[in-house]
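Asks: Fold the following and give me the result.
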Amino acid sequence: ESRQPCPCGISSTTFEDLDLVATRECIGDFATGAIWSNTECFNCNLTGVTRTLCELVNIDSGAQLASALVTITDNTEELRTEDVALSADLLEVIPTSEIQEDDRVTLDILGTVDQLASAPQESIRASQQNTNSSSRLLDILQTVTKNVPLVENETLQFVGESFGLQVQTVMVDPETPFVPDLSSIADSIVNNSNMRPPLA
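Replies: Residues are numbered from 1 along each chain as shown. Now for the predicted structure:
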């Protein structure tokens with residue numbers, strides 16, 4: 001049997017992990033010889049949202065990519081397992097340098113993660129189980145909170161449907177690295193809870 005990931009352009013590993021592959025069998029006998037069967041593409045019947053996410057691989061600008069993602073993932077009820085996984089793939093490639101330069105990029109990333117956390121529970125569970133997407137989204141939030149472009153005493157606040165987040169610059173001991181506590185957001189993403197944790 002030959003198995004090839006459905007064409008997308010982002011990450012063939014993601015589609016393989018989700019079993020989104022086209023297959024064909026080697027058939028025949030000793031009299032006629034071996035031949036390939038017709039390709040079975042049933043699993044490659046991708047939705048419009050998924051195909052649009054696949055096309056985002058052609059965007060070079062992190063700011064444009066973040067803006068496109070927050071728009072495409074807006075209809076949370078339509079998000080399937082592969083959409084959550086592909087969105088995590090795309091968020092991971094947004095350069096940290098662009099997060100540091102533009103707080104609009106930060107807000108679009110937070111908005112996208114918030115919308116993904118509001119996706120159907122089965123989509124979130126399956127995506128986490130097969131592609132570790134929820135854990136990767138938490139890593140993305142860690143990266144964002146560490147690189148928000150704020151000056152001293154400035155605050156950035158985000159309140160979404162699934163979580164709220166406030167980032168403020170503070171003076172700390174340079175030998176004690178700051179690690180944001182995102183445990184409440186983790187519960188929201190993994191459990192698809194609609195409770196908003198208190199801003200801190």
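Asks: Which residue, neighbours along the chain excluded, lies closest to Ile72?
Replies: Nearest residue to Ile72, sequence neighbours excluded (CB to CB, 6 or more residues apart in numbering): Thr52, at 5.5 Å. (Glycine included, C-beta is placed from N, CA and C.)
Asks: by contact count, what packs against the strand or helix carrying that neighbour?
Replies: For Thr52, the host element (DSSP states H and E) is helix 48-55. With contacts defined as 3 or more CB pairs under 8 Å, 6 or more residues apart in numbering; DSSP states H and E, helix 48-55 has these neighbours: helix 62-72, helix 81-92.
Asks: Next, the buried residues of that helix.
Replies: Neighbour counts over helix 48-55 (16 or more other CB atoms under 10 Å) mark Val49, Thr50, Leu53, Cys54 as buried.
Asks: Now do that helix, average pLDDT.
Replies: Here helix 48-55 scores 86 as its mean pLDDT.
Asks: pretty sure Leu165 is in a helix, no?
Replies: No. Assigned with DSSP: H, G, I helix; E, B strand; the rest coil, Leu165 falls outside any helix and is strand.
Asks: for the chain, which spans come out with low pLDDT?
Replies: Residue ranges of the chain with pLDDT under 70: 1-7, 9-30, 33-44, 171-200.
Asks: quick one, helices of it?
Replies: Using DSSP state H, the helices of the chain run over residues 12-17, 48-55, 62-72, 81-92, 96-101, 103-117, 121-131, 133-147, 183-191.
Asks: Show residues contacting the fourth one.
Replies: Around helix 81-92, the neighbours that count as contacts under CB atoms under 8 Å, 6 or more residues apart in numbering are 8, 10-11, 14-15, 17-18, 20, 46-47, 49-50, 53-54, 56-57, 65-66, 69, 73, 109, 112-113, 116, 119, 122-124, 126-127, 130-131, 133, 136-137, 140.
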